[in-house]
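>>> need coordinates for the following:
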Amino acid sequence: MSAHLAAGADARGDASGAQLAQERDALWRGVVAQYGGLVTAFSRRLSQPARPERQGGTMDDATLTFNRLRPRLQGIAYRMLGSLAEAEEVVQDVWLRWNEAARDALDNPEGWLVTVTTRLAIDRYRAVKVQREHYVGQWLPEPHLTDSPSSPEQILERADELSLAFLMVLERLSPEARAAFVMREVFDADYADVARMIDKSEAACRQLVSRAKTQLKEARPRYEVAPATHERLLRRFADAITGQDFSVIRELLADDAELIGDGGGKVPAFAHLEGGQRIAQLFYATALRHRDAVRVELVRMNGQWGLLRFVDGVLDSAQAIETDGERVVRIHSQRNPDKLARIAKSRGH
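Model prediction:
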């Protein structure tokens, strides 16, 4: 690229950044001016009502309230963005705005925090959506480890809300469709409220949400498999990999299995590999090349059982695996080191 063209590109990038900043500020002013009246309605619909704050609460009270709700705010932002790093930045922005807010005038601090988090996450999504169009290779969400739910109901709920497949499908939605879906399905807002928030007609909002639901159905596993069955199959798969047993690896992969990988342009990764035989050969080649240096760990990841593969003690990949109860049908393999850093740190690597 010539210096002239490069300079032009930089100028366009600066202009784009300035435009995004202006849109963000305008969006926030719109939230304060237009959506403040909706907070009370939304907060009444939240499943876990907040403990009322006493009037004239101190900064310590405000900090305690925010810290108590931080996990929920983080969860909302992560579902909107598919990135823990981006989610943390959104929550930090919410914290700054929380400190500037007239909290004594709020009917429900929790409702305010949840609504502002969602609106700022939508704003951030507009920016990252453009960036991801230029991502090197296949983009996959950043995975994270989750605790084991205490009930079957929690297992199903968490799997639906957090799975990498679910987050990937959300990426297909336009900012308006994602906003409509989140506000309608997460906050249970009336369509009239949603229409005012995204500046669309009620009919258009209903259509956006309907289409989003149809797309989200594609993210659900093709087969309903009991978690215990899924766990047993993955243990066999992990043992076959570390045992360098090609026949078992191949046996556990469906003929039409597919692998989707994200290396972020930093490490080699197959964006899309089809066929049980080819995928088995890939896993076997890696195991054979590194032999005893390969270790595979079974973990709860994004609400479902998954695998962490280590090579020479370094986290090589995080694999979300879908099965039909008997064989593996789809693997989402995250290999981008930046997206593995948090999990690696949690495992002492």
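
>>> just give me the neighbour total for the residue nearest to Val328 when sequence neighbours are not counted.
Spatial nearest neighbour of Val328, excluding adjacent residues (Cβ to Cβ, 6 or more residues apart in numbering): Leu253 at 5.1 Å. In short, each C-beta sits where N, CA and C put it, glycine included. Residues lying near Leu253 (other Cβ atoms under 10 Å) number 25.

>>> is Pro227 in contact with Trp305, as I believe?
Yes - between Pro227 and Trp305 there is a contact under Cβ atoms under 8 Å: 6.8 Å.

>>> the two: who's more crowded?
Taking other Cβ under 10 Å, Pro227 and Trp305 do not tie; Trp305 has more neighbours (23 against 17).

>>> over to that one. Which of the three states is it?
Here Trp305 takes the strand state, with states given by DSSP: H, G, I helix; E, B strand; the rest coil.

>>> now do Leu167
Taking three-state DSSP, the label given to Leu167 is helix.

>>> now do the helices in the stretch 151-300 of the chain.
152-162, 164-170, 175-181, 191-198, 202-217, 227-242, 246-251, 276-290 (DSSP state H, counting those that start in this stretch).

>>> and those as CSV, adding mean pLDDT and distance to Leu315?
Output for these, formatted as CSV (pLDDT from 0 to 100; distance: least, Cβ to Cβ, whole Å):
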stretch, mean pLDDT, distance to Leu315
helix 152-162, 49, 20
helix 164-170, 83, 16
helix 175-181, 83, 30
helix 191-198, 77, 39
helix 202-217, 91, 30
helix 227-242, 96, 15
helix 246-251, 98, 21
helix 276-290, 96, 14
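
>>> what would those look like in a markdown table with distance to Arg79?
Compiled in a markdown table, the helices of the stretch 151-300 of the chain are given as follows (distance: least, Cβ to Cβ, whole Å):
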| stretch | distance to Arg79 |
| --- | --- |
| helix 152-162 | 7 |
| helix 164-170 | 7 |
| helix 175-181 | 10 |
| helix 191-198 | 17 |
| helix 202-217 | 12 |
| helix 227-242 | 21 |
| helix 246-251 | 33 |
| helix 276-290 | 29 |
